[in-house]
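Engineer: coords please:
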Amino acid sequence: MERCGWAGPEQIYIDYHDHEWGVPEWDSRALWEKLILDGFQAGLSWITILKKRDNFRAAFAGFDPDVIAGWGEAEVARLLADPGIIRHRGKIEATIGNARAWRRIEAQGGFDRFLWDYVDGRPIRNRWRSLSEVPAFTPLSERISKDLRKAGFRFCGPTIVYAFMQAVGMVNDHLVTCPRHEEVAALGR
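Structural biologist: Numbers count the residues shown, from 1 in each chain. Next up is the predicted model:
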């Protein structure tokens, strides 16, 4: 058995695959952080985000949406000057707006429940044999994307949402030939 073909060759990518990707995440704040990082990845490679993740956490107050929701133009200017992150005004402004949207959803029953209810609280377990079988998006990621946008989120199109679903374990897309497929499946509730 060998790990999924996308994982490597850099150790940071291998570690991400082996310890994080696909592990079910039920914490609202952690889910929000991962969605934001997937939004920043749009148009870039995931390894770029992984290498800057600690910088993002420092620049964005540990991804505390309660703090970020109160930010304005001064914080946008500070972030645009930070070489340690992706300096994209639209993505930075979207993060602030997404923090506000997160707070509304969190107050209405939880961001975690909002997301996990789409899969009845259990990861979808796919059985792909090759990377070419794995879709870029699905009807479910289109539906979640639409509902997130309706709730006020930005940078959450169907492809970003599907990558997010894979990352947070809402869907197990480790190939069946990867040892993590069964390991991650055992972590589902």
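Engineer: which one's the longest helix in the protein?
Structural biologist: Looking across the chain with DSSP state H, the single longest helix is helix 89-107.
Engineer: where does residue 60 land on pLDDT?
Structural biologist: On pLDDT, residue 60 comes in at 98.
Engineer: ok, back up a step: give me the mean pLDDT for the longest helix of the chain.
Structural biologist: Mean predicted lDDT for helix 89-107 stands at 98.
Engineer: mind listing what's buried in it?
Structural biologist: 91-96, 98-99, 101-103, 105-106 (16 or more other C-beta atoms under 10 Å). Quick note: C-beta positions are derived from backbone N, CA and C, even for glycine.
Engineer: kindly report the same for stretch 162-180.
Structural biologist: For stretch 162-180, the neighbour count (16+ other C-beta under 10 Å) marks 162-175, 178, 180 as buried.
Engineer: filter those residues down to the ones in strands?
Structural biologist: Members of the buried residues of stretch 162-180 lying in strands (criterion: DSSP state E): 171-172.
Engineer: ok, so of the buried residues of stretch 162-180, who is nearest residue 57?
Structural biologist: residue 167 (15.8 Å; C-beta to C-beta).
Engineer: wait, the closest one sits on residue 24?
Structural biologist: No - Residue 167 is beyond contact range of residue 24, at 10.6 Å (criterion: C-beta atoms under 8 Å).
Engineer: can you name every helix or strand that the first helix or strand past the longest helix of the chain going along the chain contacts?
Structural biologist: Once helix 89-107 ends, the next helix or strand along the chain (criterion: DSSP states H and E) is helix 111-116. Contacts defined by 3 or more C-beta pairs under 8 Å, 6 or more residues apart in numbering; DSSP states H and E place helix 111-116 against helix 28-41, helix 89-107.
Engineer: the inter-axis angle of the longest one versus helix 28-41?
Structural biologist: Read that as helix 89-107. Here the directions of helix 89-107 and helix 28-41 differ by 160 degrees (axes from the mean of the first three to the mean of the last three C-alpha atoms, to 10 degrees).
Engineer: let's have the chain start at 127 instead
Structural biologist: All set: I'll call the first residue 127, so the last point we hit is now helix 215-233.
Engineer: what lies in contact with helix 215-233?
Structural biologist: 154, 158, 161-162, 165-166, 168, 186, 191-195, 197-198, 201-202, 205-206, 237, 240, 274, 277-282 (C-beta atoms under 8 Å, 6 or more residues apart in numbering).
Engineer: ditto for stretch 152-169
Structural biologist: In contact with stretch 152-169 (C-beta under 8 Å, 6+ apart) are residues 151, 174-175, 179, 182-183, 186, 189-191, 211-212, 214, 217, 220-221, 224-225, 228, 232, 236-238, 241-242, 279-283, 286-287, 289-290, 293-294.
Engineer: just the buried residues of it, please?
Structural biologist: Buried-residue list, stretch 152-169, by 16+ other C-beta under 10 Å: 154-155, 157-168.
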